[in-house]
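**Student:** Fold the stuff below for me.
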Amino acid sequence: MPVKIRLQRHGKKGKPFYWIVAADARSKRDGKYLEKIGTYNPNVNPAVIDLDIDEAVKWLQNGAQPTDTAKAILSYKGAMLKNHLVGGVRKGALTEEQAEEKFQAWLEEKAAKISAKTDDLAKAKADEKAKVLEAEAKINEERMAVVKEAEEAVIKAEADAKAAEAAANAEEVEEKAPETIDDAQEEASKEA
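**Tutor:** Numbering: from 1, shown residues only. I've put the predicted structure just below:
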């Protein structure tokens, strides 16, 4: 029975989530499988891969063939390297300790790369947030300047209106006021 290590899709539409399984090559994509050896979630950055490396190596040693995507995932997590090192131990080129030491060194280097990428993503996100806040602050300052100008214009218009009203009232009073005492007496006699 030919065995494949492949991805089995789960999750909802537009949000895939995969199981990494060892399955008979003749079974359906999401059908029966022999053993689940891990999960893969591509919805986050960086993608989350949970893999039982020892089980994957066991299946590779027994002749299971990974698909292209599964092979990339196994290589990313170090299962392909560990399989290679186990083959070297079996042939006598390495000892168990040397193989384990090489594998641990590779894991530490990989963890450093992943943490660097995570830090870079966090820094980029913080920088983007700072740019957005700066742009919002600039827009708010411009709005406040426009509002302040509008308020000043309203205050000036109200002051001009009061001044014009006072001037009109002064002219009215001036028109009504008699020029001399004689004129005042004439107006009083006309009214009476």
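**Student:** and the residue positioned nearest the centre of the chain, how far is that from E134?
**Tutor:** Residue closest to the average C-alpha location in the chain (C-alpha atoms, centre = their mean): K125, at 6.5 Å. From K125 over to E134 the distance is 15 Å, taken as C-beta to C-beta, to the nearest Å. C-beta: built from backbone N, CA, C; applies to glycine.
**Student:** tell me the contacts of E186?
**Tutor:** If you count contacts by C-beta atoms under 8 Å, 6 or more residues apart in numbering, E186 has none.
**Student:** Okay, now the unreliable bits of the protein?
**Tutor:** Within the chain, the stretches with pLDDT under 70 are 173-185, 187-192.
**Student:** which residue ranges form the helices in it?
**Tutor:** 53-61, 68-77, 79-91, 96-176, 181-191 (DSSP state H).
**Student:** number of nearby residues for E134?
**Tutor:** Neighbourhood size, E134 [other C-beta atoms under 10 Å]: 10.
**Student:** Quick check: it vs A116, distance?
**Tutor:** E134 sits 27 Å away from A116, taking C-beta to C-beta as the criterion.
**Student:** quick one, phi/psi of K32?
**Tutor:** In terms of degrees, to the nearest 10, the main-chain angles of K32 are phi -60, psi 150.
**Student:** For it, give its distance to A157.
**Tutor:** Distance from K32 to A157, by C-beta to C-beta: 82 Å.
**Student:** Next: I49.
**Tutor:** Distance, I49 to A157, by C-beta to C-beta: 68 Å.
**Student:** again with E96
**Tutor:** 90 Å.
**Student:** And I49 and A157? Which one has more around it.
**Tutor:** I49 (16 against 10).
**Student:** Give me the spatial nearest neighbour of the more buried one, chain neighbours excluded.
**Tutor:** Of all residues not flanking I49 in the chain, Y40 sits nearest, at 5.2 Å (C-beta to C-beta, 6 or more residues apart in numbering).
**Student:** Correct me if wrong: that neighbour contacts P46.
**Tutor:** No. Using C-beta atoms under 8 Å, Y40 is not in contact with P46, being 11.7 Å away.
**Student:** So between the two, which is more surrounded?
**Tutor:** Y40 (21 against 10).
**Student:** what residues are up against that one?
**Tutor:** L7, F17, Y18, W19, I20, A47, V48, I49, D50, I73.
**Student:** Could you rank the residues you listed by neighbour count and give me the top one?
**Tutor:** Within the contacts of Y40, most neighbours by other C-beta under 10 Å means I20, with 28 neighbours.
**Student:** how near is that one to D30?
**Tutor:** 13 Å.
**Student:** count of residues packed around G38?
**Tutor:** Per other C-beta under 10 Å, the neighbour tally for G38 reads 22.
**Student:** need the contact list for the spatially closest residue to it that is not a sequence neighbour.
**Tutor:** Distances taken as C-beta to C-beta, 6+ apart put L51 closest to G38, at 3.5 Å, once the chain neighbours are dropped. Applying C-beta under 8 Å, 6+ apart, we find L51 in contact with I20, I37, G38, T39, I73, L74, K77, A79.
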